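# The sequence and its predicted three-dimensional model are supplied below.
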Amino acid sequence: MKRYAIPLLCCLLLSAVFAYAQGDAGWQTAQVVSFEKVPADEQHPEKADRYNVAMRMYGAVYLCHASGPITTFMGWAPGKQFPAQLDEKNKIMLVKSPNGETVELRIQKKKQ
């Protein structure tokens with residue numbers, strides 16, 4: 001029994017290391033504070049799929065704009081949490097939506 005304990009322990013340790021390495025490095029949890037569709041403009045129909053999104057991350061609320069088909073934003077509601085990456089320098093937040101797509105939110109304002 002002792003003869004198998006060390007190789008078994010090594011295998012478990014290696015599998016834990018590989019599982020951790022495959023995780024989403026750099027992705028943190030962000031929570032949807034508010035989500036609303038921007039009313040369509042009759043003069044500019046290309047702006048029909050626009051949304052205002054407020055996300056809470058690192059104790060601050062980021063007021064953002066996003067655009068895309070409604071299927072991308074299915075399941076987005078206040079209180080929902082998603083993996084996100086923040087790039088304050090470029091004023092962008094990347095969020096992984098439930099359907100697997102990565103959505104780019106353009107940050108307009110930051111509130112503490």
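Arrived safely.

# how long is stretch 36-48 end to end?
Stretch 36-48 has an end-to-end distance of 13 Å (C-alpha to C-alpha, to the nearest Å).

# shaky segments in this protein?
Low-confidence segments of the chain, defined by pLDDT under 70: 1-2, 4-24, 46-47.

# List phi and psi for Thr72.
phi -70, psi -30 (degrees, to the nearest 10).

# what's it in contact with, if anything?
With contact set as C-beta atoms under 8 Å, 6 or more residues apart in numbering, Thr72 has these partners: 97, 99, 101, 103. C-beta: built from backbone N, CA, C; applies to glycine.

# Strands along this protein, start to end?
Under the criterion DSSP state E, the chain carries strands at the ranges 28-37, 50-57, 60-67, 81-87, 92-96, 102-111.

# Contacts only, for the residue most central in space within the chain.
Compute the mean C-alpha point of the chain, and by C-alpha atoms, centre = their mean the closest residue is Val95, 2.5 Å away. Contacts here follow C-beta under 8 Å, 6+ apart; on that basis Val95 touches 30, 55, 82-84, 102-103, 105.

# give me that answer again for 7 Å
Going by C-beta atoms under 7 Å, 6 or more residues apart in numbering, Val95 touches 30, 82, 84, 103, 105.

# okay but the third one is in contact with Val53, surely?
It refers to Ala84. No: judged on C-beta atoms under 7 Å, Ala84 makes no contact with Val53 at a distance of 11.0 Å.

# Spatially, what comes nearest to Asn52 if we skip its sequence neighbours?
Leaving out its chain neighbours, the residue that sits closest to Asn52 by C-beta to C-beta, 6 or more residues apart in numbering is Glu36, at 5.2 Å.

# what about Ala84, distance to His44?
Applying C-beta to C-beta, to the nearest Å, the value for Ala84 to His44 is 29 Å.

# So for these two, which residue has more residues nearby?
Comparing Ala84 with His44 by other C-beta atoms under 10 Å, the one with more neighbours is Ala84, at 22 against 9.
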